[in-house]
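1. Structure for the following, please:
(2 chains, ligands or ions: 1)
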Amino acid sequence: MNILALDSSNLVMGVAVVSGSRVLGELMTNVKKNHSVRLMPAISQLMDDVGLTPDNLDRIAVAQGPGSYTGLRIGVSIAKMMAWSLKKELVGVSSLEIVAQNGRYFDGYIAPFFDARRGQVFAGLYENKDGKIVPKMPDRLVLLKNWLAELKLLEKPLLFLSNDLEKCADLLQTLPKAVMGTGPQNIPRPSELARLASEKEPTPDIHHFLPTYLRLAEAEARWLARQER
Amino acid sequence: MSINVAQKTMILGIETSCDETAAAVVENGTIIRSNAVASQIDIHRRFGGVVPEVASRHHVDQITLVCEEAIKESGVTWDDLDAIAVTEGPGLIGALLVGVNSAKAISFAHHIPLVPVHHITGHIYANRFVHELQFPLIALVVSGGHTELVYMKEHGSYHVVGTTRDDAAGEAFDKVARTLGLPYPGGPEIDRLAREGKPVIDFPRAWLEEGSLDFSFSGLKSAVINYIHNEEQRGNTVSKVDTASSFQASVCEVLVKKTIMAAERYSAKQLLVAGGVSANHEIREQMIRAAEKKGIQLLIPPLKLCTDNAAMIAASGTIGFLKGMRADLSLNGSANLSIEDF
Ligand SMILES: [Zn+2]
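-> Alright, predicted model coming up:
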């Protein structure tokens, strides 16, 4: 099975092509540059490099979120269009689950998160069960302060994985025993996204496949609040 | 630059610049093979206007569906398409990005050339479904975001000769409608009420300096809002129908006179009206009368081609395609795009 994987959900932009269990190629950047300009050329470049055409693909995998709304829409729009127009399968994978794979050999809980501004984070909690990294609870949007208070109660060792560790360093110090991911462990690998996608069921409805925003549009939230009053 | 507009073409258009998700297939620049539009008007009504983030989310939800509808209805296959024309801008950036990246994905997946389109040129080219364009021409583009007089000396050549210095005409319509307590979108509501009322209130006309082809609607907008507030403060009931009628009369008079002035100055053979506000009855009727009096041919698209759609993007994209305009996979959306670059 040939899989094209795309991740533009956060600062890291990643593209991978895998064939069965073999990673054919991977492109990745961790810089603040425009995903809308760079993602399609990166896909084209990598496909070319590994010698595959769009027809050769069986499945498109996309990092479904959480993350930057705009980034998510760029990746999901491209993935949907390619899957629908080429009649290929589409699989969405949690952006946090991709990062969690980097803690595979850690004995304890793996806590990936993305900064979500205003003191909040998109956070997940994963653990190693028989060699597979599985979610301990659903990904969510939470105040980092509250999230850390909750994690304090856990009894196993804790590994934080995040491209935003430095940004949140002050608060993270309140959990002195927790382990912090180093360098490459903190960023999502698109080949991990592809591998995860090879194990998941494709979406039954490509048309209505949507990013996992985990947060309502502000106007929507305000409108709902008004209705409740 | 001369192009052969008789060349056979089949173009898929994609449009997501504001609150309509649209895809269409157009043959030879003049025949609509399909025209699918998913409108979000009902979704934004409760917010009283288009919310960019909400619009962008809905585009992602609708984009493959409208493309499927457009392709199926047209009966074409990917191999039949000469190009994909997509709105590059102007518009809401988050909304534009959905269309642009979707178009790039199809372009890559099926090896189809990509043609970038300026949204306003789409509105202008909606007129080519009515009649072949004859140059030189003057186009009045009026919508929620635009009030522009565009001079065209040939296909695919755009020169702005008049523009609004503050609000777009459509913005003024929306603001006045809101002050009158009318539901969103306000334009059609004012149009409806105006037909029941009389233009008895003397609202100002902004002619600006002698001979200017520019527009200004903020003064008129304030005058109408002040009038409504003053009447309410005096305990008088405001006649909604007369206010709507008087406001609309002021907008129309300025739009029509300046358009005719531009047509004369540039010896236009044709006058085009385009954009959402051109669905307004008063503007249509006054334009028809004025053009008749001057003996200039007037083109106005049918109502459903006045609002945002992708057939118009494919129609303009056809000209861009024939001119050799191409975008590569690094094409980005552009919220403020100049029409003069097209
Ligand atoms: Zn428009």
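2. which residues does residue A:68 contact?
-> For residue A:68, the contacting residues are A:9-10, by CB atoms under 8 Å, 6 or more residues apart in numbering or on different chains. C-beta coordinates here come from the backbone N, C-alpha and C atoms, glycine included.
3. now check whatever helix or strand residue B:22 lives in, is it near chain A?
-> Element membership for residue B:22 (DSSP states H and E) is strand B:20-27. No. Contact of strand B:20-27 with chain A (CB under 8 Å from any CB of the partner chain) is absent, the minimum separation being 11.0 Å.
4. Can you dump the C-alpha atoms of that strand in CSV for me?
-> The C-alpha coordinates for strand B:20-27 follow below in CSV (Å, rounded to 0.1, in the frame of the first residue of the first chain):
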residue,chain,number,x,y,z
GLU,B,20,-20.3,30.9,-1.4
THR,B,21,-18.5,27.7,-2.1
ALA,B,22,-18.7,27.3,-5.9
ALA,B,23,-17.5,25.2,-8.8
ALA,B,24,-18.5,25.3,-12.5
VAL,B,25,-17.5,24.0,-15.9
VAL,B,26,-17.5,26.5,-18.8
GLU,B,27,-17.0,25.6,-22.4
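5. so how far is that strand off the chain centroid?
-> 15 Å (CA atoms, centre = their mean, to the nearest Å).
6. How about stretch A:117-135?
-> 11 Å.
7. So which residues make contact with that stretch?
-> Residues outside stretch A:117-135 that contact it (CB under 8 Å, 6+ apart): A:65-67, A:94-97, A:100-101, A:103-116, A:136-145, A:147, A:151, A:156, A:164, A:168, A:214.
8. Would you mind writing the PyMOL command to select the buried ones in these?
-> Typed into PyMOL, the line below selects the buried ones among the contacts of stretch A:117-135, using 16 or more other CB atoms under 10 Å in any protein chain shown:
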select buried, chain A and resi 65+66+67+94+95+96+97+100+101+103+106+108+109+110+111+112+113+114+115+116+139+142+144+147+151+164+168+214
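9. if we can go back for a sec, just the mean pLDDT for the strand holding residue B:22, thanks.
-> For strand B:20-27, mean pLDDT rounds to 98.
10. just stretch A:81-94 next, same as before
-> Stretch A:81-94 comes out at a mean pLDDT of 98.
11. With just CA atoms, put that stretch into PDB.
-> C-alpha atoms of stretch A:81-94 as PDB (Å, rounded to 0.1, in the frame of the first residue of the first chain):
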ATOM      1  CA  MET A  81      -9.300  17.000  -3.000                       C
ATOM      2  CA  MET A  82      -6.600  14.400  -3.900                       C
ATOM      3  CA  ALA A  83      -8.500  11.600  -2.300                       C
ATOM      4  CA  TRP A  84     -11.800  12.400  -3.800                       C
ATOM      5  CA  SER A  85     -10.600  13.300  -7.300                       C
ATOM      6  CA  LEU A  86      -8.200  10.300  -7.600                       C
ATOM      7  CA  LYS A  87     -10.800   8.000  -5.900                       C
ATOM      8  CA  LYS A  88      -8.300   7.100  -3.200                       C
ATOM      9  CA  GLU A  89      -8.800   6.400   0.500                       C
ATOM     10  CA  LEU A  90      -8.500   9.200   3.100                       C
ATOM     11  CA  VAL A  91      -7.400   8.700   6.700                       C
ATOM     12  CA  GLY A  92      -7.200  11.400   9.300                       C
ATOM     13  CA  VAL A  93      -4.900  11.100  12.300                       C
ATOM     14  CA  SER A  94      -4.700  13.200  15.500                       C
END
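12. close to chain B, is it?
-> Yes. Judged by CB under 8 Å from any CB, stretch A:81-94 and chain B are in contact via A:81-82, A:84-86.
13. how about the strands in chain A?
-> Ranges of strands in chain A, per DSSP state E, are A:2-7, A:13-19, A:22-29, A:59-65, A:89-94, A:109-115, A:120-129, A:132-143, A:158-161, A:179-180.
14. Contacts only, for residue 2.
-> If you meant another chain, say so; for now it's chain A. Residue A:2 touches A:17-19, A:52, A:56-59, counting by CB under 8 Å, 6+ apart.
15. you looked at the wrong chain, it should be chain B
-> Applying CB under 8 Å, 6+ apart, the residues near residue B:2 are residue B:154.
16. The closest residue to the ion within the stretch 1-150 of chain B: how many residues sit nearby?
-> Using CB to the ion, the single residue of the stretch 1-150 of chain B nearest to the ion is residue B:143, 4.7 Å away. Using other CB atoms under 10 Å in any protein chain shown, residue B:143 has 25 neighbouring residues.
17. so what are the domain limits for the chain?
-> In the absence of a named chain, chain A is used. Annotated domains of chain A cover A:2-95+A:189-228, A:96-186 [automatic domain parsing].
18. wrong chain, I was asking about chain B
-> B:10-125+B:305-322, B:134-300.
19. what's the most buried one of those domains?
-> Highest mean neighbour count of those: domain B:10-125+B:305-322, a mean of 24 (counted as mean count of other CB atoms under 10 Å in any protein chain shown).
20. Report the contact partners of the residue nearest the centre of chain A.
-> Ranked by distance to the mean C-alpha position of chain A (CA atoms, centre = their mean), the top residue is residue A:95 at 1.2 Å. For residue A:95, the contact set (CB under 8 Å, 6+ apart) comprises A:7, A:9-10, A:63-67, A:114, A:122, A:188, A:212.
21. For stretch B:321-332, list the C-alpha coordinates in PDB.
-> Taking Å, rounded to 0.1, in the frame of the first residue of the first chain, the C-alpha atoms of stretch B:321-332 are listed here in PDB:
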ATOM      1  CA  PHE B 321      -5.800  30.700 -20.100                       C
ATOM      2  CA  LEU B 322      -5.800  32.000 -23.700                       C
ATOM      3  CA  LYS B 323      -3.400  34.800 -22.700                       C
ATOM      4  CA  GLY B 324      -1.100  32.200 -21.300                       C
ATOM      5  CA  MET B 325      -1.500  33.100 -17.600                       C
ATOM      6  CA  ARG B 326      -0.400  30.200 -15.400                       C
ATOM      7  CA  ALA B 327       0.200  29.700 -11.800                       C
ATOM      8  CA  ASP B 328       2.400  27.000 -10.300                       C
ATOM      9  CA  LEU B 329       1.800  24.900  -7.200                       C
ATOM     10  CA  SER B 330       3.100  27.700  -5.000                       C
ATOM     11  CA  LEU B 331       0.000  29.900  -5.800                       C
ATOM     12  CA  ASN B 332      -1.300  31.500  -2.600                       C
END
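22. Just the buried residues of that stretch, please?
-> For stretch B:321-332, by 16+ other CB under 10 Å, it's B:321-323, B:325, B:327, B:329, B:331-332.
23. contacting residues for residue 214?
-> Unless you meant another one, I'm taking chain A. Here residue A:214 is in contact with A:65-66, A:122, A:139-141 (CB under 8 Å, 6+ apart).
24. I was after chain B.
-> B:162-165, B:208.
25. how far off strand A:13-19 does the longest helix along chain A point, in degrees?
-> Counting residues, the longest helix in chain A under DSSP state H turns out to be helix A:69-86. Angle between the axes of helix A:69-86 and strand A:13-19 is 30 degrees (criterion: axes from the mean of the first three to the mean of the last three CA atoms, to 10 degrees).
26. residues in chain B within reach of the ion, list them.
-> B:143, B:308 (CB under 5 Å from the ion).
27. swap the cut-off to 8 Å and go again
-> Residues of chain B found near the ion (CB under 8 Å from the ion) are B:17-18, B:91, B:119-120, B:122-123, B:143-146, B:275-276, B:307-308.
28. what's the farthest-apart pair in those residues?
-> Across the residues of chain B next to the ion, the longest distance by CB to CB is 14.7 Å; it joins B:122 and B:144.
29. circling back: the residue of the stretch 1-150 of chain B closest to the ion: what's its closest spatial neighbour, skipping adjacent residues?
-> residue B:275 (3.6 Å; CB to CB, 6 or more residues apart in numbering or on different chains).
30. would a markdown table of the strands of chain A with distance to residue B:52 be doable?
-> As requested, the strands of chain A are exported to a markdown table (distance: least, CB to CB, whole Å):
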| stretch | distance to residue B:52 |
| --- | --- |
| strand A:2-7 | 24 |
| strand A:13-19 | 23 |
| strand A:22-29 | 27 |
| strand A:59-65 | 18 |
| strand A:89-94 | 24 |
| strand A:109-115 | 22 |
| strand A:120-129 | 21 |
| strand A:132-143 | 20 |
| strand A:158-161 | 32 |
| strand A:179-180 | 37 |
